[in-house]
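**Student:** Let me see the structure of the following:
(chains A, B, C and D)
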Number of protein chains: 2
Amino acid sequence: MGTPDLDVLPPDLSAHVGYLLVRAGKHAQRLFSAQIAALGLRPPLADVVILLRARGSLSQVEIATTLAIERAHLVALLDQLEALGFVLRSADPSDRRRHAVTLTEAGTTAAERLGGMAEAVEGLLLADLSEEEREQFRSLLQRMARRAEEGD
Amino acid sequence: MGTPDLDVLPPDLSAHVGYLLVRAGKHAQRLFSAQIAALGLRPPLADVVILLRARGSLSQVEIATTLAIERAHLVALLDQLEALGFVLRSADPSDRRRHAVTLTEAGTTAAERLGGMAEAVEGLLLADLSEEEREQFRSLLQRMARRAEEGD
DNA sequence: TATTGTTATACTCTATAACTATA
DNA sequence: TATAGTTATAGAGTATAACAATA
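**Tutor:** Sure thing, here's the model as predicted:
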C-alpha cells in the first residue's frame, strides 16, 4: 500500500523509533526497487553487484556473509545475475569447492548505473534535511547498525 | 541470516542512508517479532491491536488505511485475531457494509503487554545513544517518515 | 456508480534442513 | 570432520484483480 497515515496513527506507534525504522526501511526499499527495475534487478541482486564492483572476485560464502544473505539463497540470485550476463562463476584452482564470482563488463556498467540510482534515492530520502542534519542522521544510523551487528 | 558485516561492506553500501535504513528496519522488525511471539502475534497483527487500543472501534478500511495495509490483506489478519480471541467484528447498524472492529478484554490485556514489549525493543535499538541523541534521531526519523508519506 | 468486505492468485524475501563434492 | 555450493520446502509480507452486498 505504501505509507501509513501518521496524523491518525496513535503515538503508541508513530513515536516509536522501532516502528518508524520499519516504515522508513520499507519505503527506502521501495524507492530503490523502483529505480533498479530498469536494469532488470531487485534489491538483493543489486547488492551483490555493488559489492562485487567494490571488492572484486569473491567466493559465494564471502558474498553471503558480507551481505547477510543465506548462502542457500545466494545460489538462485547468482543464477539470475548470470542469466542477465552481469556475473560469472569460474573455478577456483586453489580450492575446487569454491567458485570465484566476478562481474562481467555488462555487470560493471550496471554497477555504475546502480551507484547513480542509489544516490538518487538518497536525495529523495533526505530531501527535507539540511546538510548538517544529514550528517547527524547518517552518523546515528551507522551507530545503530553497528549495534545491531553485534549482540542485540 | 541477521546482519551484514559492516567492517567488510564497501562504503557504496554502508555509507548510504537507504541501505542502512533497510537493514535497521529489518533488525527492528526481528526484535519486535521475537518479543511478541510469546503472545502468538506477528508484527502486522500487533499493529492492529495497538491501533485499536488507542482508537477504539474502527472499520476495516479505517484500520487498513491508517496502518498502510491492503484491505484485502487485513481480512486474514482479523480472522487470526478473532481466532486468538483478541478482536470482535460486529455489524454497524448505520452502514450495513461496514464491520465495527473492537478489542475484547483479552485483546486489551494483550495490547498492554505489547506496549511494554515495544518499549523493550526501543531500549535495545537505542542502547548506544545518549538521551539527547535519541531525541535528535527520533525527530529526524519522524521528519523522514512524514516525507515518505507524501510525494516521492 | 462508488464503497466495504471478501476471495484468489502471485511474487519477493527469508529460514531451514539435507545432499554432494571437496578439503 | 568440516566447508562450499546446491536443492527443496515452507512461511511471512505484499500487490493486484475481481466479486457480492450495500450505499
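**Student:** Neighbours of residue A:68, how many?
**Tutor:** For residue A:68, the neighbour count with other C-beta atoms under 10 Å in any protein chain shown is 17. Heads up, the C-betas are built off the backbone N, CA and C, glycines and all.
**Student:** Likewise for the one 5 residues further on?
**Tutor:** Counted with other C-beta under 10 Å, the burial measure for residue A:73 works out to 11 neighbours.
**Student:** again, but for residue A:10
**Tutor:** Residues near residue A:10, counting by other C-beta under 10 Å, number 14.
**Student:** right, and it touches residue B:52 too?
**Tutor:** No. Residue A:10 is beyond contact range of residue B:52, at 9.6 Å (criterion: C-beta atoms under 8 Å).
**Student:** On the three-state scheme, the residue of chain A found nearest chain B is what?
**Tutor:** Residue nearest to chain B within chain A (C-beta to the nearest C-beta): residue A:25, separated by 2.1 Å. Under DSSP: H, G, I helix; E, B strand; the rest coil, residue A:25 falls in the helix class.
**Student:** residue boundaries of the helices in chain A?
**Tutor:** Using DSSP state H, the helices of chain A run over A:11-14, A:17-36, A:43-55, A:60-67, A:71-83, A:105-125, A:131-149.
**Student:** mind checking which helix or strand of chain A has the lowest mean pLDDT?
**Tutor:** Lowest mean confidence among the helices and strands of chain A (mean pLDDT, DSSP states H and E): helix A:11-14, at a mean of 81.
**Student:** hmm, who's touching that one?
**Tutor:** Helix A:11-14 has contacts (C-beta atoms under 8 Å, 6 or more residues apart in numbering or on different chains) with A:4, A:6, A:19-20, B:47, B:50-51, B:53-54, B:115, B:118, B:142, B:145.
**Student:** which among the residues you listed end up buried?
**Tutor:** Buried subset of the contacts of helix A:11-14 (neighbour count, 16 or more other C-beta atoms under 10 Å in any protein chain shown): A:4, A:6, A:19-20, B:47, B:50-51, B:53, B:118, B:142, B:145.
**Student:** Many thanks, I have nothing further to ask.
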